[in-house]
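*Asks:* next input, structure requested:
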Amino acid sequence: MRTVLAAALCMAAFAASAQVYRWTDDKGRVHVTDTPPPASAKNVRKSGDGPAATAPKASTQEPFVLQQARTNYPITLYTAPGCDACAEARKLLNARGLPFSEVSVTEEAQIQELKKAIGSALVPAIVIGSTAQRGFDPTTYHGLLDAAGYPATGALPPRNQPEPVPAKPDLPGVKPVAEPERPAGPYAPGAPPPAPAKQ
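*Replies:* So this is what the prediction gives:
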């Protein structure tokens, strides 16, 4: 009897010391295992962790439907500085709460990328997965986003992704001019006048 009791106590102690992991895979499924999760696991929790250490941040966790749409149909918006229609297109995506990449077309390489994506250099232009749309029409944009499976307006909190700061264009044959050295000495421009000689 004592042997059985000792074995039962040992098993209980072993079970209490065993580490249990709770984690979510890339498809949103929750797993509970006694072995460490893979490196791609999300929201990993270990037994014994306090609630403050394990509670996932709601602001960083995207809904599964959004993750799926982003993977299958990523959004790229092509814009140009000072373009009112481009600002309206950005505003629509932000109001709908959708993450997107924005390319400010200011250099030759970006112009060629835009032409390859939509067949012309017209901005704004949006590419959702493999679907490209020239110009800006709110109804068309919403229809394309709905067809790609993105959450409807109001389902996500709005974003505030700003307009990208374009790099200064490199003009061929133009080199930056170094500022000339200023002369030094008491008679140099901007130097204080010399003190009068004492008699």
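
*Asks:* domain assignment for the chain?
*Replies:* Domain assignment for the chain by automatic domain parsing gives 8-54, 64-147.

*Asks:* worst mean pLDDT among those?
*Replies:* Looking over the domains of the chain, mean pLDDT reaches its minimum on domain 8-54, with a mean of 64.

*Asks:* can you give me the strands in the chain?
*Replies:* Secondary structure of the chain (DSSP state E): strands at 21-24, 30-33, 42-46, 75-79, 101-104, 125-128, 131-134.

*Asks:* partners of the third one, with directions?
*Replies:* In this case it means strand 42-46. Applying DSSP bridges, strand 42-46 is found paired with strand 21-24 (antiparallel).

*Asks:* what does the partner strand contact?
*Replies:* Contact partners of strand 21-24, identified using Cβ atoms under 8 Å, 6 or more residues apart in numbering, comprise 30-37, 41-47. In short, each C-beta sits where N, CA and C put it, glycine included.

*Asks:* hang on, the earlier thing: of all the strands of the chain, which one is nearest Asn160?
*Replies:* strand 101-104 (13.0 Å; Cβ to Cβ).

*Asks:* that closest one - contacts with which helices or strands?
*Replies:* strand 75-79, helix 108-118 (3 or more Cβ pairs under 8 Å, 6 or more residues apart in numbering; DSSP states H and E).

*Asks:* redo these as JSON lines? Include distance to Ala87.
*Replies:* Formatted as JSON lines, the helices and strands packed on strand 101-104 follow (distance: least, Cβ to Cβ, whole Å):
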{"stretch": "strand 75-79", "distance to Ala87": "8"}
{"stretch": "helix 108-118", "distance to Ala87": "17"}
